[in-house]
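Student: sequence unknown, structure follows:
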C-alpha cells in the first residue's frame with residue numbers, strides 16, 4: 001500500500017488498485033516518496049542520478065526534485081521554496097546570523113501548522129552587530145515545538161535551512177538570513193541539495209550545527225530581555241550617529257522613477273490642455289510629485305487646496321522641502337500678503353468674502369488634493385471661480401465620487417496613474433504580509449454577509465480576532481491598528497468589548513465630526529489607543545503612516561474599497577518594516593474579489609485567480625507576502641468555480657466607470673488598456689459587442705448592422721477573439737487596405753513590425769481559418785460566412801465585408817476595435833518571439849491548440865485524450881489532471897509525468913506497432929496540453945523530449961491500456977507546476 005497524507009478538512013487514503021476518494025483538499029502535505037516524487041525508483045538511485053546531472057553532465061536523466069538548485073530570488077522568491085519545505089517536513093533546523101520580525105512574518109502560517117502537528121524544530125541565531133530583533137526572538141519562544149538558542153558575542157555568519165522527510169534531508173545553504181529582504185528581493189546565493197541521513201554532507205552539516213547547538217543554553221525570556229537592553233542602546237547609538245553625520249548637509253529630494261514618468265506626462269499634457277488628473281495610490285508621493293511639477297513649471301502664484309488641516313500642513317512642509325526660493329503660507333493661519341504659494345482649506349476659501357480677495361486669474365497653477373470630493377458645493381464654488389493656467393487634481397480613489405463626473409471636470413485628461421501593483425514593484429509603499437484567516441462558525445454556520453449583529457459580536461468571535469491579532473502581530477514597538485467592519489452597530493459593540501478586555505479602542509462613524517476623528521487619529525499615533533474601528537470613513541483621504549496592522553472584518557463587495565482599506569497601512573514609516581493585514585474570510589459570495597484586488601488583475605480569469613491564491617507571494621512584486629488558511633482557499637476556489645463573471649451586472653459596473661473616465665461609450669479595447677474586465681469575459685455575455693452595447697444601453701441609439709455585417713462581426717468575435725497570435729489580424733488589416741492578399745507582403749509586415757521571420761506556414765494557416773477552409777465540417781461554424789474568398793487563385797476580403805467596412809462607420813468602428821484589442825492582447829499575453837506561434841505555458845482550447853500548431857483539423861471540440869497526425873508525425877495530447885485519481889496523470893517532477901492511453905489499446909497488434917506502440921518508440925513528436933479538471937483551457941507545456949517508459953497495463957475493471965512515462969523538453973515553471981499538482 002502506498003500511503004499519502006494530506007492536510008485535512010478530511011483524511012484521504014488512496015490505494016494503487018482500489019481508490020476511495022472522499023474530498024480533495026487544496027494542499028498536499030506529503031507526496032508519496034515512492035511513487036510521486038521518485039517515479040518508483042529507489043531513493044539512493046534518484047540521488048545518484050541527480051548528483052550526476054547536477055555535478056557531472058546536465059544532460060543525464062534524473063528527477064528534478066533531487067537535483068541541486070540555486071535559489072537567488074531571480075525567477076522565484078526564496079521564501080517560496082522554504083515554505084514548501086516547511087509544509088511537508090518531519091523535522092526542521094534553521095541556522096542564521098540574523099532574524100527579524102519581517103523574516104519571521106513570512107513563515108508564520110507554516111510555523112503555526114508545524115506546532116499543530118508537533119513537528120520538532122531547532123533554531124540557532126546570533127547577536128553579532130545586534131541585528132537580530134528581540135521581538136522576533138520573543139515570538140519564537142512561544143512555540144512549544146521549537147528549541148531556540150543564540151550564539152552570543154561571536155562572529156556567527158552561518159546561514160542554512162535544513163528539512164528532514166523520513167531519512168532524506170533537504171539542505172539550503174548560502175547567504176540568506178531569516179529577514180524580509182533576504183528571502184524576497186535581495187540578490188542572494190543559496191544552494192539547495194539533498195542527502196540521506198548517512199550521507200557525508202548531511203552528517204558534516206548536522207554535526208557542525210549540533211556541536212554549537214548542544215553546548216549552548218536554551219534561550220529564555222530573561223536572556224532575551226537582557227539582550228534587548230543592549231539592542232535598544234545599539235539602535236539609539238546608530239540613530240544618534242546618523243544625526244551627527246553632516247548636520248549642515250541637507251540631502252536633496254529627487255523624484256523616483258514613476259514620478260519622473262508622471263512629470264514628463266504632465267509636461268506633454270500642458271502643451272494642449274489646461275487640466276490634468278493624477279491618480280496615485282495612497283503613500284506613493286503624489287504631494288511630492290505635485291511639488292516637483294510646480295518646481296519645474298515655476299508659476300508665479302500657486303494655490304494648493306484640500307479639505308483637512310492636517311493635509312494642508314503636511315503639503316506646505318513637503319513643498320518647502322522641494323522649493324526653497326518661494327514664500328509659502330497657510331490661508332487663515334498665516335500672513336499671505338507676500339506669499340507666492342498659498343495652502344488653503346476648501347471650507348474656508350469657498351466663502352464669497354475669501355474668494356473675492358483674489359482676482360480670478362491670480363493663481364497660475366492650482367492643485368486640488370483628494371479631488372474625488374470635488375462634486376461638493378464647497379469645491380465647485382472654488383473651481384468655478386478661478387481661471388488658472390493649469391489645474392491639477394490628485395486622488396487615490398477616483399472611483400469613489402458619488403456619481404460626480406471627476407473625469408469630465410478634468411476634460412478626461414488622466415496625466416498619470418500609479419496603482420498598487422506598480423507602487424509595490426517600485427518600492428514606493430511599505431511591504432505588507434497578508435493573511436487570509438477563516439472566520440468563526442456559529443451553530444455550524446460560517447459568518448457571512450447576512451449574519452446578525454449578535455453573532456458578529458459574540459465573545460467567541462472577539463476572542464478569535466484577538467488571538468489572531470496577537471499571533472500575527474505587527475512591526476514596531478506599539479500596535480497601531482485599524483479595523484474595518486460591516487455595520488456601525490458592530491463597530492460600537494466591538495470597541496466596547498475590546499475595551500472591556502483591556503484593548504483600548506475607539507469606534508468612529510459618519511456621526512463623528514472632523515475634530516473627533518482627528519483626536520482619535522492623534523491618540524492612535526501616540527499609542528494611547530490600539531485600534532480605531534470604522535465601517536468606511538477611512539476608506540480614503542486619511543493619512544496615518546503609523547498604522548502597522550489592518551484587520552478586515554467585512555464581506556468583500558468591491559475590489560476598489562478593498563484596496564482602499566488595505567492601503568491605509570501601506571504608507572512608509574520609519575517605525576515599521578511592514579504592515580500586517582488580517583482578512584477574516586467567512587462564507588462571502590464575492591470572496592473571489594480578494595485575488596482580483598490584491599493582484600490588481602481585473603480580467604476575471606479563473607485560472608489566474610486560483611494560481612494567485614496558491615502562489616500569491618511569488619506573483620506579487622517586492623517584499624510582500626500572501627498566505628491563506630486551507631479552509632479559506634477551498635471557500636474561494638469553490639466560489640471562483642461556481643461564479644459566472646460574464647453577467648450583465650458585473651460588466652455594467654466597469655462599463656459605467658469607464659464611460660465616466662472616457663466621456664464616451666467605451667469600446668472593447670478600452671477595457672483592456674485600462675485593466676478592467678477583460679473583453680473575452682464581456683464577449684461571453686453576448687457573442688459580439690454590438691449585442692453587448694444594445695443590452696447595456698437599450699435606450700441609446702447606436703448604428704445599425706446588416707444581417708451580413710452582424711454575421712461577420714459575430715464570426716470574428718466568437719472564433720478569433722481573443723487572438724492567440726497576430727497573423728489573422730494582420731491578414732485582415734492588409735485585406736481591408738489592398739485588393740488582393742499577398743503572402744509575401746504579409747511576411748514583410750510580420751518581419752518589420754513584429755520581428756517575426758519564416759512565417760509562411762502560419763500565414764497560410766491563418767488564411768485557411770479566415771476563409772473557413774478548415775472550419776467546413778464544424779457544426780458551430782455552419783452559420784457563418786467566410787471573411788476571405790478566393791478569386792483567380794488569390795485571396796481577397798469578401799466583397800460584402802469590404803463594402804460594409806467602407807460605408808458603415810459603426811461596423812468599421814466595431815471591426816477596428818476588435819482588431820486593436822486582439823493585437824494588444826497578443827502583445828501582452830501571447831507575444832511570439834520565434835518561428836512557432838504557439839507559446840509554452842499559455843492557455844488554449846482544444847480547437848486553438850490544433851490551430852496554433854498549424855494542423856489542418858477542424859473538430860477539436862470532439863477530441864478525447866489525444867489525436868494522431870500520421871503525415872505530420874505528431875500526436876497532440878490533452879491531459880486532464882483528475883483530482884479523484886492521484887496516480888493517473890500526476891507529475892513525478894517538473895519535467896516528468898505518467899500518461900495513459902485510451903482504453904482497449906496495446907503496443908502492437910498482429911506483430912505490427914500500433915499508434916500507441918509508435919508513441920512508445922518515440923516515432924512521433926508529442927505536443928502536450930494539460931489542464932485541471934475544473935479548468936476551461938489547457939496549458940501548452942511544449943513537446944515531450946522522449947518517452948522514458950511504456951508498458952501495457954489494465955484498468956481497475958480489467959480493460960487493457962498503455963502506461964507511459966514522458967519527459968518534457970522543458971521544466972514546467974514552479975508556480976504552474978504547483979497549481980497543476982493541487
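Tutor: Alright, I've got the coordinates. What you see is a predicted model, and the numbers here were worked out from it, not measured in a lab.

Student: So in that sheet, which strands flank the longest strand seen in the chain, and in what orientation?
Tutor: Longest strand in the chain by number of residues (criterion: DSSP state E): strand 938-954. Strand 938-954 pairs in its sheet with strand 843-844 (antiparallel), strand 925-932 (antiparallel), strand 960-968 (antiparallel), by DSSP bridges.

Student: got the contact list for whichever helix or strand comes after the first one?
Tutor: Sequence-wise, the next helix or strand beyond strand 843-844 is helix 846-852, with elements assigned using DSSP states H and E. Helix 846-852 is touched from outside by 724-725, 765, 769, 774, 837-838, 844, 857, 860-861, 863, 867, 876, 878, 927, 929, 937-938, 940, with contacts defined as C-beta atoms under 8 Å, 6 or more residues apart in numbering. (Glycine included, C-beta is placed from N, CA and C.)

Student: Just the buried ones among these, please.
Tutor: Buried residues within these, defined by neighbour count using 16 or more other C-beta atoms under 10 Å: 724-725, 765, 769, 774, 837-838, 844, 857, 860, 863, 867, 876, 878, 927, 929, 937-938, 940.

Student: Could you list the low-confidence segments of this protein?
Tutor: Within the chain, the segments meeting pLDDT under 70 span 1-41, 239-251, 400-403, 540-541, 775-780, 858-861, 883-889.

Student: Return the subset of the contacts of helix 846-852 lying in helices.
Tutor: Those of the contacts of helix 846-852 mapping onto helices are 765, 769, per DSSP state H.

Student: and the longest strand of the chain, how far from the chain's centre?
Tutor: Its chain's C-alpha centre and that of strand 938-954 lie 32 Å apart, by C-alpha atoms, centre = their mean, to the nearest Å.

Student: Report the buried residues of that strand.
Tutor: Counting neighbours by 16+ other C-beta under 10 Å, one finds that the buried residues in strand 938-954 are 938-942, 944-945, 947-948, 950, 952.

Student: One more: stretch 312-327?
Tutor: Neighbour counts over stretch 312-327 (16+ other C-beta under 10 Å) mark 312, 314-316, 318-319, 322-323, 326 as buried.

Student: Out of these, which two sit at the greatest distance?
Tutor: Greatest spatial distance among the buried residues of stretch 312-327 (C-beta to C-beta): 314 and 326, at 17.4 Å.

Student: And residue 463, which helix or strand is it part of?
Tutor: helix 459-472.

Student: What of residue 288?
Tutor: Counting by DSSP H and E, residue 288 is part of helix 286-297.

Student: what sits against the residue nearest the centre of the chain?
Tutor: Nearest to the geometric centre of the chain sits residue 599, at 2.9 Å (C-alpha atoms, centre = their mean). Listed by C-beta under 8 Å, 6+ apart, the contact set of residue 599 reads 421, 608, 612, 616, 619-620.

Student: and if we set it to 7 Å?
Tutor: Residue 599 is in contact with 612, 619-620, counting by C-beta atoms under 7 Å, 6 or more residues apart in numbering.

Student: Having no further points to raise, I will conclude here.
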